[in-house]
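A.B. asks: the following comprises the amino acid sequence and a computationally predicted model.
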Amino acid sequence: MPEAVETMDGWYCLHDLRKIDWTKWKKASEEERKQAIDELQSMIREWEAVSEARDGSHAFYSLIGQKADIILMILRPTIKELEDIELRFNKSKFAEFTTPSYSYVSVVELSKYMSKAGDNPEENPGVRARLKPKLPQWDHICFYPMDKRRNGNDNWYMLPMDERRQLMYEHSLTGRKYAGEIKQIITGSMGFDDWEWSVTLFANDVLQIKKIVYEMRFDVVTARYGEFGPFYVGNILQTDEIPSYLAV
Ligand code: VOV
């Protein structure tokens, strides 16, 4: 019988994607726009303080293409805190000028495929740190949800553990080639959202994102078992640059 791999779960994660209603934004008075921007910046600065204290982390990026304009990715120790942040954002002045386009609820996940028998990776400080990651403020983000296929002969969940471990090992070798170029955050979302995992990639060279996603398509685990949702790609939106991003 195939057996489930044990997962280690860390901070809870919300990806909150919105469109900006530019028509409404342009019609607003200068004073209203200033109020919205000031409140948004002070909210983000509060999150920066939370991140400094290592009680959470976040990423704020503008997106390219028509699927959404901005993405806020936020990590917190509890799912309740994610709700508080979502609510606060929804009640903010700036939210009056946005419409929701996508959201994703998950939890930072590492599996024990690679751990040695008898080891408890949860005691490893490196593993613990990866469960509560500080998101890098790199220039670009790429976010997408994905599944492992369950279809006829291509059913990931019917494979024996050793076979899955081997395929994940091969996956990790491709991943390691991108050390220093790509930082990946994998979150699990079974029971939380519509896909099984979310993948968030950070890069300073945006082309590295295309290269890793392409190269991984040839790993058996992806070629045979990977299914993908929509892809979102964007540029970092520094807190100080928000006024110029929103200037009309
Ligand atoms: C920087 C790149 C990079 C590296 C080094 C890396 C390594 C690793 C390791 C060592 C492990 C297994 C142990 C663990 O840590 O969980 C994983 C796990 C996982 N990965 Fe990965 N991955 C990368 C990158 C990376 C990418 C780009 C993708 C998307 C796939 C693609 O085709 O678009 C991905 C997916 C996943 C998933 C969905 C899982 C969980 C699968 C499960 O069944 O549990 N991943 N991954």
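C.D. replies: Received the coordinates, thanks.
A.B. asks: buried residues in stretch 96-105?
C.D. replies: By 16 or more other C-beta atoms under 10 Å, the buried positions in stretch 96-105 come out as Phe97, Thr98, Ser101, Tyr102, Tyr104, Val105. In this view, the C-beta of every residue, glycine as well, is placed from N, C-alpha and C.
A.B. asks: any stretches of this structure with poor pLDDT?
C.D. replies: Judged against pLDDT under 70, the chain has no low-scoring part.
A.B. asks: please enumerate the helices of it.
C.D. replies: Per DSSP state H, the chain has helices spanning 22-27, 30-52, 79-91, 125-131, 161-176, 207-216, 220-225, 242-246. These are given in chain order.
A.B. asks: OK, contacts around Gly180?
C.D. replies: Going by C-beta atoms under 8 Å, 6 or more residues apart in numbering, Gly180 touches no other residue.
A.B. asks: dump the residue contacts of Val50.
C.D. replies: Val50 neighbours (C-beta under 8 Å, 6+ apart): Gly56, His58.
A.B. asks: could you check how far it is from the ligand?
C.D. replies: 25 Å (C-beta to the nearest ligand atom, to the nearest Å).
A.B. asks: ok, Thr200 touching Ile141?
C.D. replies: Yes - judged on C-beta atoms under 8 Å, Thr200 makes contact with Ile141 at a distance of 6.6 Å.
A.B. asks: overlap of the contact sets of these two?
C.D. replies: Shared contacts of Thr200 and Ile141, defined by C-beta under 8 Å, 6+ apart, comprise Ala59, Met73.
A.B. asks: can you get me a residue count around the closest residue to the ligand within the chain?
C.D. replies: Using C-beta to the nearest ligand atom, the single residue of the chain nearest to the ligand is Gly175, 2.2 Å away. Other residues near Gly175 come to 16 when the count uses other C-beta atoms under 10 Å.
A.B. asks: contacting residues for it?
C.D. replies: Counting by C-beta under 8 Å, 6+ apart, Gly175 has contacts Ile182, Gln184, Ile212, Met216.
A.B. asks: repeat the analysis, applying 10 Å as the threshold.
C.D. replies: Met168, Ile182, Gln184, Ile212, Glu215, Met216, Asp219 (C-beta atoms under 10 Å, 6 or more residues apart in numbering).
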